[in-house]
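Q: the sequence and its predicted three-dimensional model are supplied below.
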Amino acid sequence: AQSVTQPDARVTVSEGASLQLRCKYSYSGTPYLFWYVQYPRQGLQLLLKYYSGDPVVQGVNGFEAEFIKSNSSFHLRKASVHWSDSAVYFCAVSAPGTGSNRLTFGKGTKFSLIP
Amino acid sequence: EAAVTQSPRNKVTVTGGNVTLSCRQTNSHNYMYWYRQDTGHGLRLIHYSYGAGNLQIGDVPDGYKATRTTQEDFFLLLELASPSQTSLYFCASRRDWGVETLYFGSGTRLTVL
């Protein structure tokens, strides 16, 4: 079975600084990988996903993530953050094939800016 | 944009009470899911379905029933609610399995006193 670890419960940076949110997964092959974002009082929305090809995937609002198989990681990055990026970010994984009818989510990382 | 509507938005009940949470999607999606979200646990899958009349057990099913009555409607039932079921519940749908995007509703906050 697959699993996801987001080691940072909270991340805080200054406006305009760069952002990296960490995600490590456990799966023997190449999984499908996702980042979702949850803004206050809303459901989750997809930021980006990876399933094959170029390991660096681009998402909405300037976000990108890099799949590094050797490290079992799929970290999310943004070059310059804005107040509107304050949210909870979830990494998720599913297994290609018969197991891919469900996603397994990490516990989430709450991102906020230093006032 | 895919639409998933949950009702009610908030619900308060007492221990032992009977609660039904509703979810409707108008996207003609095959898969529908119920998750609960709790601090320190993230999202955990309760039940899911891949079509009317189908039900699959998720990772935390104890104390919950679910029923998919139509392609559009998926219900979560708590027949004897307990305080441990106080949580934020999300419904989601997607067209198919694999890399298809999950579309979430806005959530139902349930409080069991």
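A: Ah, there it is. Residues are numbered from 1 along each chain as shown, chains lettered A, B, ... in the order given.
Q: is it true that A:Ser18 touches A:His75?
A: No - with contacts counted by Cβ atoms under 8 Å, A:Ser18 stays clear of A:His75, the gap being 11.9 Å. Where C-beta positions appear, they are placed from N, C-alpha and C, glycine not excepted.
Q: comparing those two, which residue is more hemmed in?
A: For the pair A:Ser18 and A:His75, the greater number of neighbours falls to A:His75 (17 against 10), based on other Cβ atoms under 10 Å in any protein chain shown.
Q: what about that one, distance to A:Tyr89?
A: 11 Å (Cβ to Cβ, to the nearest Å).
Q: overlap of the contact sets of the two?
A: Common contact partners of A:His75 and A:Tyr89 (Cβ atoms under 8 Å, 6 or more residues apart in numbering or on different chains): A:Leu21.
Q: which residues of the chain fall in strands?
A: As the question left the chain open, I've gone with chain A. All strands of chain A, identified by DSSP state E, fall at A:3-5, A:10-13, A:19-21, A:24-26, A:32-38, A:44-50, A:56-58, A:64-68, A:73-78, A:87-94, A:104-105, A:109-113.
Q: nope, chain B please
A: Going by DSSP E, chain B shows strands at B:4-7, B:10-13, B:19-25, B:31-38, B:42-49, B:56-57, B:65-68, B:73-78, B:87-94, B:103-104, B:108-112.
Q: not counting sequence-adjacent ones, nearest residue to A:Ala65?
A: A:Leu76 (4.8 Å; Cβ to Cβ, 6 or more residues apart in numbering or on different chains).
Q: which parts of stretch A:5-23 are buried?
A: Neighbour-count burial for stretch A:5-23, counted by 16 or more other Cβ atoms under 10 Å in any protein chain shown, picks out A:Gln6, A:Val11, A:Val13, A:Leu19, A:Leu21, A:Arg22, A:Cys23.
Q: what residue in chain B comes nearest to chain A?
A: Closest residue of chain B to chain A, Cβ to the nearest Cβ: B:Phe104 (3.2 Å).
Q: centroid-nearest residue for chain B?
A: Nearest residue to the geometric centre of chain B (Cα atoms, centre = their mean): B:Trp34, 2.8 Å.
Q: so what's B:Met32 closest to, chain neighbours aside?
A: Leaving aside its sequence neighbours, B:Met32 sits nearest to B:Phe74 (Cβ to Cβ, 6+ apart; 4.2 Å).
Q: if you could redo that for A:Leu44, that was the one I meant.
A: A:Leu44 sits nearest to A:Tyr36 (Cβ to Cβ, 6+ apart), 4.2 Å away.
Q: circling back to that earlier point, dump the strands of chain A to TSV, plus mean pLDDT.
A: Shown next, in TSV, are the strands of chain A (pLDDT from 0 to 100):
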stretch	mean pLDDT
strand A:3-5	93
strand A:10-13	96
strand A:19-21	97
strand A:24-26	95
strand A:32-38	95
strand A:44-50	94
strand A:56-58	97
strand A:64-68	96
strand A:73-78	97
strand A:87-94	95
strand A:104-105	92
strand A:109-113	95
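Q: now those in JSON lines, with distance to B:Glu79?
A: JSON lines is the format used below for the strands of chain A (distance: least, Cβ to Cβ, whole Å):
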{"stretch": "strand A:3-5", "distance to B:Glu79": "31"}
{"stretch": "strand A:10-13", "distance to B:Glu79": "37"}
{"stretch": "strand A:19-21", "distance to B:Glu79": "39"}
{"stretch": "strand A:24-26", "distance to B:Glu79": "35"}
{"stretch": "strand A:32-38", "distance to B:Glu79": "29"}
{"stretch": "strand A:44-50", "distance to B:Glu79": "28"}
{"stretch": "strand A:56-58", "distance to B:Glu79": "43"}
{"stretch": "strand A:64-68", "distance to B:Glu79": "41"}
{"stretch": "strand A:73-78", "distance to B:Glu79": "39"}
{"stretch": "strand A:87-94", "distance to B:Glu79": "30"}
{"stretch": "strand A:104-105", "distance to B:Glu79": "26"}
{"stretch": "strand A:109-113", "distance to B:Glu79": "34"}
